[in-house]
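Participant: how would this look folded up:
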Amino acid sequence: MEVHQIKRCMAQMLLLAGPGVLISTCCLGCALKLIFPYNWSWTTSLLLGGLLSATDPVAVVALLKDLGASKKLSTIIEGESLMNDGTAIVVYQLFYRMVLGESFNWVSILKFLTQVSLGAVGIGVAFGIASVLWLGFIFNDTVIEIALTLAVSYIAYFTAQEGAGVSGVLAVMTLGMFYAAVARTAFKGDGQQSLHHFWEMVAYMANTLIFILSGVVIAEGVLSSGNIFHNHGHAWGYLFLLYIFVQLSRFVVVGVSYPFLRYFGYGLDWKEATILIWSGLRGAVALSLSLSRTSDSSMYISSETGTLFVFFTGGIVFLTLIVNGSTTQFILHLLEMDRLSATKKRILNYTKYEMLKKALEAFGDLGDDEELGPVDWPTVKTYIASLNNLEGSFEHPHSASEAGNNLDPNNLKDIRIRLLNGVQAAYWGMLDEGRIMQTTAIILMQSVDEAIDLAAHECLCDWKGLQSNVHFPSYYKFLQASICPQRMVAYFTVERLESACYICAAFLRAHRIARRQLHGFIGGSDIASTVINESVAEGEEAR
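Facilitator: Numbers count the residues shown, from 1 in each chain. Here you go, the predicted structure:
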């Protein structure tokens with residue numbers, strides 16, 4: 001996930017992962033207590049309700065990325081999943097302590113939730129700061145960088161969970177988000193890709209192991225013995241009923257939150273809200289929590305109840321994966337959310353244009369090759385499908401789209417975003433070459449992300465986001481007039497000037513590279529000239 005997207009969607013993710021998990025827990029707990037015939041206590045019912053409130057929409061997120069659907073929607077879904085895993089585990093721990101006989105009033109509940117949550121966040125940030133400082137001493141050693149992230153993750157988890165008595169999952173989640181926000185420039189070049197692939201492999205192996213263990217436990221403890229179905233013959237029917245309640249609780253959560261989801265961040269329309277409801281898959285977190293109860297020898301939770309927990313959790317995970325996961329693409333098609341935008345069609349048309357142009361050039365060069373001898377080139381051309389289907393001249397797609405509509409807002413937005421993406425790629429190149437520092441790179445890339453958000457409504461404005469970093473803040477005047485040593489004041493002044501010079505030089509170089517690439521990409525069309533002139537104007541302001 002992109003850091004800027006996370007920042008913009010943070011309020012929506014927190015809304016779904018905080019109050020949303022509590023609403024889902026209450027809805028499912030009430031259904032289990034009032035409708036299901038197992039005579040569970042309120043705390044036991046809410047325990048299973050909290051367990052089933054952790055979403056894991058990996059399949060839906062992968063599908064959204066494959067189809068090129070809304071990036072903000074996939075960010076909200078994936079970010080909610082990361083956050084509500086920790087929230088659901090905290091809620092689960094609270095009700096589990098209640099089941100074990102501990103008494104809580106409203107004050108102690110709020111104290112417990114605050115302590116466990118904020119303590120975990122603090123530990124995650126502390127380990128993040130320490131590991132980022134450590135990364136500063138590592139140069140171009142991918143193996144050590146990956147080993148450091150793995151070791152710090154486990155140490156942070158055990159420190160939080162066993163040492164401090166707070167949520168280890170929340171601590172690791174905070175650590176990961178801190179890495180994404182602060183340390184993404186610490187991993188350069190191939191190291192960043194290697195780190196990404198390594199953690200993808202670790203997540204895949206962990207998910208696979210949890211699903212295998214769950215299948216073994218369900219097969220041995222539930223299906224083979226038959227005691228559960230002898231005592232509760234309608235368990236399968238109640239499983240399907242529970243699946244319906246899970247979907248209804250998800251509908252209630254999104255429905256109650258919808259006015260706020262529309263207001264915060266990038267907003268949310270009803271089509272995206274529909275996908276958000278249907279993407280509430282359950283996965284590894286719910287399974288691992290249910291497995292922990294089967295190994296629990298507590299007198300407060302019977303082995304039969306623990307087995308039912310695994311059965312219902314495994315069944316819900318299976319049904320959400322099979323039903324929700326497999327039908328999401330159909331719903332996306334039904335809502336017309338899988339169609340290519342005009343921008344992407346234009347990019348594809350341009351790619352096709354360039355490929356056909358290169359094919360024609362290569363075919364024309366073959367006629368001058370002496371090694372091929374006399375060849376009937378018209379006959380050869382009939383056997384080359386891409387050349388045989390060409391009839392007459394073909395037009396540059398940007399020229400066709402701009403005819404009579406040179407300054408269409410969508411086209412302008414498209415070209416501005418392309419240039420800004422080129423600017424950001426140039427920043428990454430300069431970071432890999434050692435031309436700029438990590439802190440400078442973070443500032444520069446953040447300015448590009450903010451400018452992309454405004455590309456539809458304003459001219460190029462990434463320099464506007466950098467002005468506060470190249471001008472002297474007002475407090476420097478008070479610093480000079482204070483009793484601080486002049487050597488210290490001079491040091492901070494020189495540091496500020498050096499940072500401003502790096503930012504300005506990198507900005508000018510990146511825009512020059514991006515303008516050259518844009519001109520080579522779509523030529524000298526009117527709309528390209530407009531955007532290039534905007535970039536030149538920003539460069540003059542930066543000088």
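
Participant: for the rest of this, base every contact and every neighbour count on C-alpha atoms.
Facilitator: Will do.

Participant: Leu51 contacts Ala88, doesn't it?
Facilitator: Yes. Leu51 is in contact with Ala88 according to Cα atoms under 8 Å; the separation is 6.6 Å.

Participant: count the residues that sit near Gly539.
Facilitator: Using other Cα atoms under 10 Å, Gly539 is surrounded by 17 other residues.

Participant: ditto for Met205
Facilitator: For Met205, the number of neighbouring residues by other Cα under 10 Å comes to 12.

Participant: what's the helix or strand for it?
Facilitator: helix 190-218 (DSSP states H and E).

Participant: in that helix, what's buried?
Facilitator: Neighbour counts over helix 190-218 (16 or more other Cα atoms under 10 Å) mark Gly191, Gln192, Ser194, Leu195, Asn207, Ile210, Phe211, Ser214, Gly215, Val217, Ile218 as buried.

Participant: need the contact list for the last one.
Facilitator: So the one you mean is Ile218. Ile218 sits next to Thr307, Val310, Phe311, Gly314 when contact means Cα atoms under 8 Å, 6 or more residues apart in numbering.

Participant: which outside residues touch stretch 535-543?
Facilitator: Counting by Cα under 8 Å, 6+ apart, Leu460, Cys461, Trp463, Cys504, Phe507, Leu508, His511, Arg515 sit against stretch 535-543.

Participant: show me the residues you listed that map onto helices.
Facilitator: Within these, residues falling in helices by DSSP state H are Cys504, Phe507, Leu508, His511, Arg515.

Participant: out of those residues, which end up buried?
Facilitator: Cys504, Phe507, Leu508, His511, Arg515.

Participant: from the buried residues of helix 190-218, pick the one nearest Leu291.
Facilitator: Using Cα to Cα, Ser214 comes nearest to Leu291 of the buried residues of helix 190-218, at 6.9 Å.

Participant: need the contact list for that closest one.
Facilitator: Leu287, Ser288, Leu291, Val310, Gly314.

Participant: near the first one, how many other residues are there?
Facilitator: The criterion is other Cα under 10 Å. On that basis, Leu287 has 28 neighbouring residues.

Participant: I'd like the distance between it and Ser214.
Facilitator: 7 Å (Cα to Cα, to the nearest Å).

Participant: quick check: neighbours shared by the two?
Facilitator: Val310, Gly314.

Participant: how about the buried ones among the ones in helices among the contacts of stretch 535-543 in JSON lines, adding distance to Phe112?
Facilitator: Converted to JSON lines, those look like this (distance: Cα to Cα, whole Å):
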{"residue": "Cys504", "distance to Phe112": "49"}
{"residue": "Phe507", "distance to Phe112": "48"}
{"residue": "Leu508", "distance to Phe112": "52"}
{"residue": "His511", "distance to Phe112": "51"}
{"residue": "Arg515", "distance to Phe112": "55"}
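
Participant: what is the nearest of the residues you listed to Met83?
Facilitator: Phe507 (35.2 Å).

Participant: tell me the pLDDT of Ile483.
Facilitator: With respect to pLDDT, Ile483 has a value of 64.

Participant: what does Ser341 give?
Facilitator: 68.

Participant: and what of Arg97?
Facilitator: So Arg97 comes in at 80 (pLDDT).

Participant: which intervals of the stretch 1-150 of the chain have sub-threshold pLDDT?
Facilitator: Low-confidence segments of the stretch 1-150 of the chain, defined by pLDDT under 70: 1, 59, 67-69.

Participant: now the strands for it?
Facilitator: Counting by DSSP state E, counting those that start in this stretch, one finds no strands in the stretch 1-150 of the chain.

Participant: domains of this protein?
Facilitator: Segmentation of the chain into domains, based on automatic domain parsing, reads 3-334, 342-394, 401-542.

Participant: so how far is the longest one from its chain's centroid?
Facilitator: In this case it means domain 3-334. 15 Å (Cα atoms, centre = their mean, to the nearest Å).

Participant: so where's the stretch 401-543 of the chain uncertain?
Facilitator: Those would be 401-408, 472-486, 488-489, 491-492, 523-525, if you go by pLDDT under 70 across the stretch 401-543 of the chain.

Participant: that one: helices as residue ranges?
Facilitator: Using DSSP state H, counting those that start in this stretch, the helices of the stretch 401-543 of the chain run over 409-433, 438-453, 467-470, 475-481, 486-522, 526-542.

Participant: rebuild the ones you listed as a markdown table, extending it with distance to Gly265.
Facilitator: What follows is these, written out as a markdown table (distance: least, Cα to Cα, whole Å):
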| stretch | distance to Gly265 |
| --- | --- |
| helix 409-433 | 19 |
| helix 438-453 | 11 |
| helix 467-470 | 23 |
| helix 475-481 | 32 |
| helix 486-522 | 28 |
| helix 526-542 | 27 |
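
Participant: among these, which comes closest to Ser74?
Facilitator: Between the helices of the stretch 401-543 of the chain, helix 438-453 lies closest to Ser74; by Cα to Cα that is 16.7 Å.

Participant: buried residues of that closest one, list them for me.
Facilitator: For helix 438-453, the neighbour count (16+ other Cα under 10 Å) marks 438, 440-442, 444-453 as buried.

Participant: again, but for stretch 506-520
Facilitator: Ala506, Phe507, Leu508, Arg509, Ala510, His511, Arg512, Ala514, Arg515, Gln517, Leu518.

Participant: residues in contact with the third one?
Facilitator: For Leu508, the contact set (Cα under 8 Å, 6+ apart) comprises Gly539, Ala542.

Participant: again, only this time at 10 Å
Facilitator: Val423, Trp463, Ala514, Ser535, Val536, Glu538, Gly539, Glu540, Ala542, Arg543 (Cα atoms under 10 Å, 6 or more residues apart in numbering).

Participant: most neighbours, which of those residues?
Facilitator: Busiest of the contacts of Leu508 [other Cα under 10 Å] is Val423, holding 27 neighbours.

Participant: I'd say it and Arg515 touch.
Facilitator: Yes. Proximity of Val423 to Arg515 meets the contact threshold set by Cα atoms under 10 Å, at 8.7 Å.

Participant: Phe311: neighbour count?
Facilitator: Neighbour tally, Phe311, other Cα under 10 Å: 26.

Participant: so it sits in a helix?
Facilitator: Yes. The assignment for Phe311 (DSSP: H, G, I helix; E, B strand; the rest coil) places it in a helix.

Participant: in space, what's closest to it - neighbours in sequence excluded?
Facilitator: Ile218 (6.2 Å; Cα to Cα, 6 or more residues apart in numbering).

Participant: kind regards, and thank you for your time.
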